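> need a 3D model of the sequence below.
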Amino acid sequence: MTQQQETGCVLRLFGAQSTAVGKTVENFPPQWRAAAQWKSRGAETLVALQAQSPSGLKKAAQALRQAFSADLYGAGETTLPAAVVEALERHDKLLICADAAAGALLEARLENLPGAERVFDFGAVSYANPKTGPLIEKRARARLPKDYTDPLRQALARAQAARRVVGADLSAACAERENDCVLVLSCRKGCFLRTVPAGENPALWLLDIIRRTAANKPQAEGTGFLPARRAAKKDALPGPQPGRHPLRRVCMTLLVLALLAALAAVGAWEYTNGNFYALPEQLHALLTEHVPRPGATLV
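Numbers count the residues shown, from 1 in each chain. Predicted coordinates:
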């Protein structure tokens with residue numbers, strides 16, 4: 001009896017929930033004879049698949065690819081930065097940074113990758129350029145009220161201004177705050193935003209947002225989106241909604257009841273020809289008109 005040799009592969013996910021991966025693996029049919037082990041580190045998850053036949057491995061891998069099509073960025077030894085460069089090249093997108101904070105997150109991770117210089121400017125024509133950099137800041141300030149100091153709105157304005165000044169497809173910015181940072185990616189449709197706590201890795205999150213945007217894939221849970229028309233306004237970010245006074249609801253209810261009472265009065269006036277005293281008698285006659293009496297035969 002020949003023994004079948006096991007085959008295996010590794011899939012790499014970013015932004016997937018570990019519990020969701022477990023449920024997908026549990027649903028593998030027994031005939032596939034496939035098993036999986038996975039390990040998460042931060043938002044990144046590595047899934048090691050093993051199967052007793054190539055066909056079983058192929059079906060198990062396909063099931064994970066379908067379940068996590070947006071989260072899957074590669075297989076084997078593929079890194080997230082390499083997947084970003086590949087997505088930018090495949091979809092013919094140019095990425096720039098609008099400020100030094102975003103540049104510090106991306107440049108060190110992309111500089112040694114083949115083809116990165118074709119899809120990323122490394123600051124050469126954007127924030128680090130002696131002419132373009134000041135122009136980006138000037139356009140960004142024009143989008144904000146005078147003496148405005150909120151770092152998030154400044155980053156949002158810089159990202160949009162840089163994309164328009166350079167003519168790039170994607171523009172990244174980063175708003176650094178005391179306990180977290182907010183990542184911003186501007187594209188033609190609007191801006192993606194994500195808040196990353198200090199303990200997490202903002203560079204990987206920014207790379208993942210870029211990868212998904214370039215490939216037109218849904219963003220990970222927790223990443224927000226600001227449409228272009230709304231992002232173009234000076235007061236772009238949503239503020240606290242004013243609470244409604246409880247008396248307002250009471251007044252609206254009383255107004256509706258008053259309108260219903262007025263309509264009922266008009267109807268009664270028409271029905272009784274102006275004689276409200278005859279209304280009870282006419283209503284009684286209307287209700288008993290078709291009630292059969294004892295001994296009567298219905299036709």
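
> chain center to stretch 222-232: distance?
Relative to its chain's centre, stretch 222-232 lies at 9 Å (CA atoms, centre = their mean, to the nearest Å).

> I misspoke; the intended subject was stretch 51-66.
30 Å.

> which parts of that stretch are buried?
Within stretch 51-66, the residues scored as buried using 16 or more other CB atoms under 10 Å are 51-52, 56-61, 63-64. All C-beta spots, glycine's among them, are computed from the backbone N, C-alpha and C.

> which ones among the residues you listed map onto strands?
Secondary structure from DSSP state E places residue 51 of those in strands.

> biggest separation within the buried residues of stretch 51-66, which pair?
52 and 64 (17.4 Å; CB to CB).

> follow-up on the earlier one: which among the buried residues of stretch 51-66 gets closest to residue 127?
Ranked by distance to residue 127 (CB to CB), the buried residues of stretch 51-66 are led by residue 64 at 38.6 Å.

> and the closest one, how close does it get to residue 10?
Remark: distance between residue 64 and residue 10 (CB to CB, to the nearest Å) = 11 Å.

> same question for residue 134.
46 Å.

> the more surrounded of these two?
Taking other CB atoms under 10 Å, residue 134 and residue 10 do not tie; residue 10 has more neighbours (16 against 11).

> do you know the pLDDT at the closest residue to residue 214 other than its chain neighbours?
Using CB to CB, 6 or more residues apart in numbering and skipping the chain neighbours, the partner closest in space to residue 214 is residue 87 (4.2 Å). For residue 87, the pLDDT comes out at 98.

> quick one: residue 87 and residue 216 touch, right?
No. Counting by CB atoms under 8 Å, residue 87 does not reach residue 216; the two are 9.6 Å apart.

> who has more neighbours out of the two?
residue 87 (21 against 11).

> name the SS class of the more buried one, please.
Here residue 87 is recorded as helix under DSSP: H, G, I helix; E, B strand; the rest coil.

> what helix or strand does residue 136 sit in?
For residue 136, the host element (DSSP states H and E) is helix 132-142.

> where in the stretch 151-299 of the chain is pLDDT low?
Per-residue confidence for the stretch 151-299 of the chain (pLDDT under 70) gives these ranges: 231-250, 268-269, 271-272, 274-280, 282-299.

> mind running it again at 90?
For the stretch 151-299 of the chain, the stretches with pLDDT under 90 are 198-200, 228-299.

> tell me which stretches of it form helices.
For the stretch 151-299 of the chain, applying DSSP state H, counting those that start in this stretch gives helices covering 151-166, 202-214, 228-231, 246-272, 279-288.

> first vs last residue of stretch 140-156, how far apart are they?
Start-to-end span of stretch 140-156 (CA to CA, to the nearest Å) is 8 Å.

> buried sites along that stretch?
Within stretch 140-156, the residues scored as buried using 16+ other CB under 10 Å are 140-141, 143-144, 152-156.

> with stretch 193-212 instead?
193-196, 202-212.

> using PDB, write out the CA atom coordinates for that stretch.
This file holds the C-alpha atoms of stretch 193-212, laid out as PDB (Å, rounded to 0.1, in the frame of the first residue of the first chain):
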ATOM      1  CA  LEU A 193      -8.600  57.200   7.800                       C
ATOM      2  CA  ARG A 194      -7.500  54.800  10.600                       C
ATOM      3  CA  THR A 195      -6.600  55.500  14.200                       C
ATOM      4  CA  VAL A 196      -3.700  53.200  15.300                       C
ATOM      5  CA  PRO A 197      -2.800  53.000  19.100                       C
ATOM      6  CA  ALA A 198       0.700  53.700  20.100                       C
ATOM      7  CA  GLY A 199       1.400  49.900  20.900                       C
ATOM      8  CA  GLU A 200       0.500  48.800  17.300                       C
ATOM      9  CA  ASN A 201       2.500  49.100  14.100                       C
ATOM     10  CA  PRO A 202       1.200  52.000  12.100                       C
ATOM     11  CA  ALA A 203       3.500  51.400   9.100                       C
ATOM     12  CA  LEU A 204       1.900  48.000   8.400                       C
ATOM     13  CA  TRP A 205      -1.600  49.400   8.700                       C
ATOM     14  CA  LEU A 206      -0.700  52.200   6.300                       C
ATOM     15  CA  LEU A 207       0.800  49.600   3.800                       C
ATOM     16  CA  ASP A 208      -2.400  47.500   4.100                       C
ATOM     17  CA  ILE A 209      -4.600  50.500   3.400                       C
ATOM     18  CA  ILE A 210      -2.500  51.400   0.400                       C
ATOM     19  CA  ARG A 211      -2.600  47.800  -0.900                       C
ATOM     20  CA  ARG A 212      -6.400  47.500  -0.600                       C
END
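
> now it, how far from the chain's geometric center?
How far stretch 193-212 lies from its chain's middle: 13 Å, per CA atoms, centre = their mean.
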